[in-house]
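**Q** Can you look at this prediction? I've put the sequence above it.
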Amino acid sequence: MHPPAHPLEAAQLDALDAVLGALRPERIAGDRFRMPSDAVRAPGRVYGGQLLAQALVAAGSSVTGKAPHSLHAAFVRAGTPGRPLDLAVDRVRDGRSMSTRQVTVLEEGKPLLVATVSFHGGGAESGATAPASAPPAPPPDDVPLLQQWARELPADQQQHGRHWIEQPPPVEIRIGEAPSFLGGPRARTSASAPRSHWMRLPRGVGDDPLLHTALLAYASDFLLMDVVFRAHPAAAGPGRSNGLSLDHAIWFHRPARFDRWHLHTQEALAVVGNRGLVRGAIHDTGGRLVATVMQEVLVLPVSAS
């Protein structure tokens, strides 16, 4: 195996190893599991996408012969990086073709996330298919890495992008417009339009379909909040406001192979008061719709947060 050619690639691979470690459930008793906390991504809190992925893996450990088709989660409170997480799975229902699980992710007995995960045994390709084509987008190799936007920040704003370079996510992200926290547009006509980015794992992770689905759920949380910041009429963003994800829903239409490129197109559907609603559509390189995402975000001025 050849060593990574670039420090950024090495850091992404280290981050992926950490996430994979956080997705290995240790069974404590019955349907109660313990998983480590991944402290790589979000400074000061546990990344919400990690909690989604962990809930999905824990739920899937109690289901056989069916694949996840939806996850609906409420973020209850922020977690503390480095502390172990307990996951309690409740077997709500097992039918002939459908199963439902409720998962509570706890830190020291306090819930961080409560999720309902549904599984279907019908097969994603066995029935009728209606077209849901991907929007036009340049190929990923023609789109800048997220870290390139961070490097191009003016010297007085470098602190906003340094973390994305020094501790990158375990996902390669290519985006044609700088996010608002890296100097991108806010509260203009263009800022209300949909925005797409390419994403994939930096290396293969085997063939486990549940793991690929969980990692897609992990990555589905990236940049949704920024789309609300981008569209917010008060020019929300670093230094002016803080954001909190209130909930997250994702519907899985097809099996994911997340070591290959996927296009995530996001748009702010509504910004009313302090809340914004975002929708995402994830397509594979063949233009097929793989997943649909919804998230509500709370935006508070720094003085009020």
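**A** Structure's in. What do you need?
**Q** Can you report how many residues lie near the residue lying closest to residue 69 once chain neighbours are set aside?
**A** Closest residue to residue 69 apart from its sequence neighbours, by CB to CB, 6 or more residues apart in numbering: residue 120 at 4.3 Å. Any C-beta I mention is one placed from the backbone N, CA and C, and that applies to glycine too. Using other CB atoms under 10 Å, residue 120 has 16 neighbouring residues.
**Q** where's residue 120 relative to residue 95, distance?
**A** 10 Å (CB to CB, to the nearest Å).
**Q** Check residue 31 too.
**A** For residue 31 relative to residue 95 (CB to CB), the value is 18 Å.
**Q** neighbour count winner among the two?
**A** residue 31 (17 against 11).
**Q** helices or strands up against the lowest-mean-pLDDT helix or strand in the chain?
**A** Across the helices and strands of the chain, mean pLDDT, DSSP states H and E gives its lowest value to helix 159-166, namely a mean of 77. Applying 3 or more CB pairs under 8 Å, 6 or more residues apart in numbering; DSSP states H and E, one finds that helix 159-166 contacts helix 146-151.
**Q** what's in contact with the helix it packs on?
**A** 8, 160-162, 164-165, 168, 173-175, 178-179, 182-184, 197 (CB atoms under 8 Å, 6 or more residues apart in numbering).
**Q** Any of those residues buried? List them.
**A** The neighbour count (16 or more other CB atoms under 10 Å) marks 8, 160-161, 164-165, 168, 173-175, 178-179, 182-184, 197 as buried among the contacts of helix 146-151.
**Q** min pLDDT across these, which one?
**A** The member of those with the lowest pLDDT is residue 160, at 68.
**Q** what kind of secondary structure is residue 280 in?
**A** Going by DSSP: H, G, I helix; E, B strand; the rest coil, the secondary structure assigned to residue 280 is strand.
**Q** so residue 218 touches residue 51, yeah?
**A** No: assessed by CB atoms under 8 Å, residue 218 is found out of contact with residue 51, at 9.3 Å.
**Q** ok, residue 139 - how many residues close by?
**A** Residue 139 has 10 nearby residues by other CB under 10 Å.
**Q** For the remainder of this discussion, apply numbering that starts at 32.
**A** All set: I'll call the first residue 32, so the last point we hit is now residue 170.
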